[in-house]
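Task: produce atomic coordinates for the following.
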Amino acid sequence: MCIFCKIINNEIPSYKIYEDEYTLAFLDLSQATKGHTLIVPKKHFANIFETPCEELHHIMNSVKAVTEKLKKSLGVENVNILNNSGTLAGQTVHHLHFHVIPRYENDNCELCPSATNPSFDELKNLCDLINN
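Modelled structure (predicted):
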């Protein structure tokens, strides 16, 4: 079972900021910028090529919901939405996922070589901020 399936099944803790019947969104442990979130389908699909269009529709609805939540809670006005499908494209976890990376003035984010590694307390505080 992949790491994202384990997160979905609550076998590994995560900092959840959105969940519905089809998807789960949680903070990335390596924050490219404040609020960097991963959105995954609850069903396992390795990449975009294996994912049915109906599932992609649900995922994109969740992407929209997450961006609105980040806008409301963190004042985010700009985002990058990224997906890597396949090893040559940089996919390291072979469970379809989308990154929502908030962009801020002078954030120096190079998608994503300069990602930070916040502490668990910092991630919990950020999760609480987004969820309130």
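
Let me know the average pLDDT across stretch 102-120.
Averaged over stretch 102-120, pLDDT sits at 74.

Could you give the bridge partners of the residue nearest the centre of the chain?
The centre of the chain sits closest to Leu38, judged by C-alpha atoms, centre = their mean, with a distance of 1.0 Å. Beta bridges link Leu38 to Phe26, His99, judged by DSSP bridges.

Would you agree it is in contact with His97?
Yes: at 5.1 Å, Leu38 counts as touching His97 under the criterion of C-beta atoms under 8 Å. No exception for glycine: its C-beta is placed from N, CA and C like everyone else's.

Give the residues shared as contacts by the two.
Phe4 (C-beta atoms under 8 Å, 6 or more residues apart in numbering).

if I look at the residue lying farthest from the centre of the chain, how far off is Asp28?
Ranking residues of the chain by C-alpha distance from their mean position (C-alpha atoms, centre = their mean) puts Asn106 at the top, at 21.7 Å. Going from Asn106 to Asp28 by C-beta to C-beta, to the nearest Å gives 21 Å.
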